[in-house]
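Novice: show me the folded form of this:
(chains A and B)
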Amino acid sequence: MRLSRLSRTTLAVVAGLILVIVYVPLGVVLVNSFSTSTSLSWPPPGFTFEWWQRAFQSAGAMEAVGTSVFVAIIATAIALVLGTLISFALQRFDFFGRHTVNLLVILPIALPGIITGIALNNFFRTIMGVPLSIWTVIIAHATFCIVTVFNNVIARLRRTGTKLEEASADLGAGVWTTFRLVTFPQLRSALLAGGLLAFALSFDEIIVTTFTAGSGVTTLPIFILNNMFRPNQAPIVSVIAVVLVLVSIIPIWLAQRLSGDEQQRR
Amino acid sequence: MTMNATAPASARGEASGPPDPDPAGSATGGAPKRGIPRPKSTPARRGSVFLSAHPRVRLGFLLAAPLFWLGLVYVVALAALLVTAFWSVNSFTGEITTEWTLDNVITVLTGSLYQTVTFRTIGVALLVTIIDVALALPIAFYMAKVASPRARRILVIAVLMPLWASYLVKAYAWRSVLSQDGILEWVLAPFGLHTPGYGLPATVITLSYLWLPYVILPIFAGLERVPDSLLEASADLGGKTWPTIRHVVFPMALPAIIAGTIFSFSLSLGDYITVNIVGGASQMLGNLVYTNVGAANNLPLASAIALIPIAIIFGYLALVRRTGALDNL
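Specialist: Numbering: from 1, shown residues only, chains lettered A, B, ... in the order given. Prediction:
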């Protein structure tokens, strides 16, 4: 297939247009964070730094960021362990019920969040009799984060095969030594990519969180939802959003560099 | 290749001694000078040997923790929810009565409110999915097959970045874009047009916007896997652009496209927060579930409503399973 110059240009223009549409709302948020209007009217009536100052002085916002980071780190750690184990099982073995296990991993993300949310809420409170707390949020997040780690690791396992591990075993290395020196280095970047996605997923989750968070637990999305419709807080939400997008450049750049390295090595 | 090199690791455990590269050494009867020392028999070593000889035990170790977690936390929770749909709530005490009844399910299946909302939700989810695929295909194709490697990397970053902006903030951004004194009205007013305001169209726009990166990424990954050599072969055989896309690219990218639709469809089906933010007064299934769990405190009815999206998603997953879409998520 050879694309004519015209169709190449058309495609480029369409792709560019879509990206513009994607970025306009984010741009509006950026502008709103400097606007003197609290009702987000356009064009902005005036310019102010007030919201930026208030956002960085807002104890509630800072605490919410801390809570979200804590939840996301632990949920990601659990997801990394469970996701890696299950991808080894599904990739290296053929067993009865393999497809069911595969479906089971995908289900928490394939089913709408509200179903996972009320199911877990009912499970914790009625069946287990545990009060909702930050740990119930972590358990819920880890459950749907497994799939991102699983996807990345199983894709890597499919590509690397078992030759190097067999060679390692033939040379007398035990299971643990082989994992430490041969398998893990091959998986490292896949684990990082999966971990980053899991972190992002947990950091941004609102629906399941609403149903599993104890009364004192305020993650950043819950903080945003609580403050979004308060006139004097709405611009602070815009500031938080801008900061989040700017900070997100770091992990994306990291992930890109990693995958770039991979491609060069191949 | 010799037999030795291809023998599986498990077949050569502790028992087979180290190969002796120096026959003269063994002929003298003493320890071979350049031989590989036999590994020490420590508990860890014996464990390794046992594991490599018993793949089923290995599998058991791998599966135990994840299956325990998913089974206990997820399957039990989901099963309990399904069971609750067949119980009822005592209207005086608000306690759940554990007597089997089909009332909730019948209410949900026959009530006109639930039917309307179900069709509305499915309609919104389908529309969002169609819009997202229509937008994702050209940009994913451009990224995978037309752009230079450098441009591709920049585009991937450009597509990924909005994913990290909070879901709520993006919905909120559309609330301000679509509002009566928002930027859209400001842009459209000179042309005599108006913003759609808050309602179902706003919901469809916002949901399409929110899930677009989730649809672009799998399709991009799928298109990237279509080898360029196949496209060249098609061109060499006289295939024009459209026939090539239809007969070569599309069939190979289909599982990835379907994987993308699972995201947009399922995420739209259960959403209630976006509808609250930009949907005006319109309700979706998620809203009905939410009010019945919260304000109405009727978990059995909420579970019965939740059965609808569960059934739809399972149906969809079963339908697309054969295409291999689930491996592309």
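
Novice: list the contacts of the closest residue to chain A within the stretch 101-250 of chain B.
Specialist: Relative to chain A, the nearest point of the stretch 101-250 of chain B is residue B:164 (3.1 Å; Cβ to the nearest Cβ). Backbone N, C-alpha and C define where each C-beta goes, glycine included. Residue B:164 is in contact with A:200, A:204, A:244-245, A:247-248, A:251-252, counting by Cβ atoms under 8 Å, 6 or more residues apart in numbering or on different chains.

Novice: between those residues, identify the one with the most neighbours.
Specialist: Among the contacts of residue B:164, residue A:204 has the most neighbours (other Cβ atoms under 10 Å in any protein chain shown), with 23 neighbours.

Novice: against residue A:78, how distant is that residue?
Specialist: According to Cβ to Cβ, to the nearest Å, residue A:204 and residue A:78 sit 18 Å apart.

Novice: repeat that for residue B:38.
Specialist: As judged by Cβ to Cβ, residue B:38 and residue A:78 stand 40 Å apart.

Novice: how about residue A:203?
Specialist: Per Cβ to Cβ, residue A:203 is found 15 Å from residue A:78.

Novice: do residue A:69 as well
Specialist: Distance of residue A:69 to residue A:78, computed by Cβ to Cβ: 15 Å.

Novice: tell me which of these two has more neighbours.
Specialist: Legend: neighbour count by other Cβ under 10 Å for residue A:69 and residue A:78, higher for residue A:78 (21 against 15).

Novice: tell me the SS of that one?
Specialist: With DSSP: H, G, I helix; E, B strand; the rest coil as the basis, the three-state label of residue A:78 is helix.

Novice: so it touches residue A:142, yeah?
Specialist: Yes - between residue A:78 and residue A:142 there is a contact under Cβ atoms under 8 Å: 3.9 Å.

Novice: go through the helix ranked longest in chain B and flag the buried ones.
Specialist: With secondary structure taken from DSSP state H, chain B has its longest helix at helix B:112-141. For helix B:112-141, a neighbour-count test (16 or more other Cβ atoms under 10 Å in any protein chain shown) marks B:114, B:117-118, B:120-122, B:124-125, B:127-129, B:131-133, B:135-141 as buried.

Novice: whatever helix or strand residue A:164 lives in: which residues count as buried?
Specialist: Element membership for residue A:164, per DSSP states H and E: helix A:163-170. Across helix A:163-170, burial judged by 16+ other Cβ under 10 Å covers A:165-166, A:168-169.

Novice: care to break chain B down by domain?
Specialist: Following automatic domain parsing, chain B resolves into domains at B:40-84, B:102-328.

Novice: check these for me and report the most buried one.
Specialist: Neighbour counts (mean count of other Cβ atoms under 10 Å in any protein chain shown) averaged over each of these peak at domain B:102-328, with a mean of 19.

Novice: quick one: mean pLDDT over that domain.
Specialist: Averaged across domain B:102-328, pLDDT comes to 87.

Novice: just stretch A:127-140 next, same as before
Specialist: For stretch A:127-140, the mean confidence score works out to 91.
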